[in-house]
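[1] Please work out how this folds:
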Amino acid sequence: MIDFKQLAEQYGTPLYIYDLEHMTGQFSSLGSAFKGRKSLMAYAVKANSNLSVIKHFAQLGAGADCVSIGEVRRAMLGGIAKYKIIFSGVGKRDDEIREALERDILYINVESAAELERVDAIAQELGIKARISIRVNPNIDPKTHPYISTGLHDNKFGVDLDTAKRMYIRAKNSKNLDPVGVHFHIGSQLTELVPIREAAIIVADLVRSLQALDIELSFFDVGGGLGVEYDDEKTIEPYAYAQALLSTLTGLDMTIICEPGRFLTANAGYFLTKVLYEKQNGKKRFVVVDGAMNDLLRPSLYNAYHRIELLENDAEATTADIVGPVCESGDFLAKDYMLPMTKHNDLLVVNSAGAYGFGMGSNYNTRGRSAEVAVEKGEARLIRRRETFEDLIALEEEFVK
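    Numbers count the residues shown, from 1 in each chain. Take a look at the predicted model:
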């Protein structure tokens, strides 16, 4: 049981709190579902990139799915072995590609024919052979929020099947490229199994067609996207997920790679914020808190729902907008939310805040980002201090004339 009141007193608010034991349980349940098959759980670093969180997963045997060279560096600093690191992303700069190759990571996940040419040229320049995977866009509707859909041709990610096949042939004929894997990821917060299996069938058939061309791939990367419960969503059980994917690989001797992020961290995280005051505009009730859209962007960006609890208060609930101090009408944590009447310094706990919470934060309105705390075996420890005003101006001050 997490003592939110004590943590607020010790570390202040707004505050992110992470339950590392919950993360362990999620990682174990997904890993166990693929037991008996060669597999790698590559943690999607973008979900929560705190170094202590990465180190926790590294100690559990995780790899890392990274979408910038900064995330690759974080993964290595967190203790993840280079041969378990994948570098994905639509827009890799030359310097990022060069560094990834020099670091000798597992492979670069290529997202376009133009990018393949850049990897080839840089590998030639370095005098090495680049291990690559190609991200295939199977044109499957993931049935999720349009902002986190990635598997349709309308999305910027990956290439269609015909383009992928041409790219594999191009890679096979290059002295500087070694095609070792195939990748697909149709979206995030997936709660339906059918689209996932349909995508896997399409990509597995591509792998078989490549075998006929003497192109043998070692890694079948299914991406991530397993949904979690924010409200009352019906989620996919890890065993059912694994079986649906493995059933498509008949006759293929490949290592299956999963890239879970939200599934591992979302419900392990809490965002703690303090009530400043209430205000009434006509019939509209507002609860003004010290946490804002720059701390937790998901409600403003996606209109995402987070369950919110008022600690130590059993008054009758009425609807309210829970809003922050940022100077934007879009600054809210919830709208028309049933909440008891509050008073100054009451604490609100925003649940399911462990994924895409702190990482999407900003310093908008010159607001320092929250501190982060990890809780394990009943003990809490600071894993990122609260930003100060001095932190915010450190990269500017010397240039003021």
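[2] show me where pLDDT drops low in the stretch 51-200 of the chain?
    Scanning the stretch 51-200 of the chain for pLDDT under 70 picks out 141-156.
[3] Could you pull out the strands in it for me?
    Counting by DSSP state E, counting those that start in this stretch, the stretch 51-200 of the chain forms strands over residues 63-66, 85-87, 107-110, 130-135, 177-183, given from the N-terminal end onward.
[4] how distant is the fourth one from the center of its chain?
    If you compare the mean C-alpha spot of strand 130-135 with that of the full chain, they lie 21 Å apart, counting by CA atoms, centre = their mean, to the nearest Å.
[5] For the closest residue to Cys327 other than its chain neighbours, the count of nearby residues, please.
    Counting by CB to CB, 6 or more residues apart in numbering, the nearest residue to Cys327 once its immediate chain neighbours are dropped is Asn365, at 6.1 Å. In this view, the C-beta of every residue, glycine as well, is placed from N, C-alpha and C. Applying other CB atoms under 10 Å, we find 14 residues neighbouring Asn365.
[6] cool, and the one 10 residues further on?
    Residue crowding around Val375 was assessed by other CB under 10 Å; the count is 20.
[7] What residues are bridge-paired with it?
    Counting by DSSP bridges, Val375 forms beta bridges with Asp19, Ala380.
[8] I'd say it and Ile17 touch.
    Yes - taking contact to mean CB atoms under 8 Å, the distance of 6.3 Å between Val375 and Ile17 places them in contact.
[9] list residues touching both of these two?
    Shared contacts of Val375 and Ile17, defined by CB atoms under 8 Å, 6 or more residues apart in numbering, comprise Ile2.
[10] circling back to that earlier point, now for the strands of the stretch 51-200 of the chain, which one comes closest to Gly354?
    Between Gly354 and these, the shortest gap by CB to CB is with strand 63-66, which sits at 16.8 Å.
[11] any idea where the helices of the stretch 251-400 of the chain begin and end?
    Assigned by DSSP state H, counting those that start in this stretch, the stretch 251-400 of the chain shows helices spanning 262-265, 298-302, 389-393.
[12] from these, which stretch is densest packed?
    The highest average neighbour count among the helices of the stretch 251-400 of the chain, using mean count of other CB atoms under 10 Å, belongs to helix 262-265 at a mean of 30.
[13] what helices or strands is that helix leaning on?
    Helices and strands touching helix 262-265, as assessed by 3 or more CB pairs under 8 Å, 6 or more residues apart in numbering; DSSP states H and E, comprise helix 20-33.
[14] The next helix or strand after the helix it packs on pairs with which strands, parallel or anti?
    For helix 20-33, the following helix or strand on the C-terminal side (DSSP states H and E) is strand 39-44. Each strand pairing with strand 39-44, determined using DSSP bridges, is listed with its direction: strand 63-66 (parallel), strand 255-258 (parallel).
[15] Adjacent strands (with direction) for the longest strand anywhere in the chain?
    Scanning the chain for the strand with the most residues, using DSSP state E, yields strand 269-281. Applying DSSP bridges, strand 269-281 is found paired with strand 15-19 (antiparallel), strand 284-289 (antiparallel), strand 347-350 (antiparallel).
[16] about what we covered before: for Thr24, which of the strands of the stretch 51-200 of the chain is the nearest?
    Closest to Thr24 of these is strand 63-66 (CB to CB; 16.3 Å).
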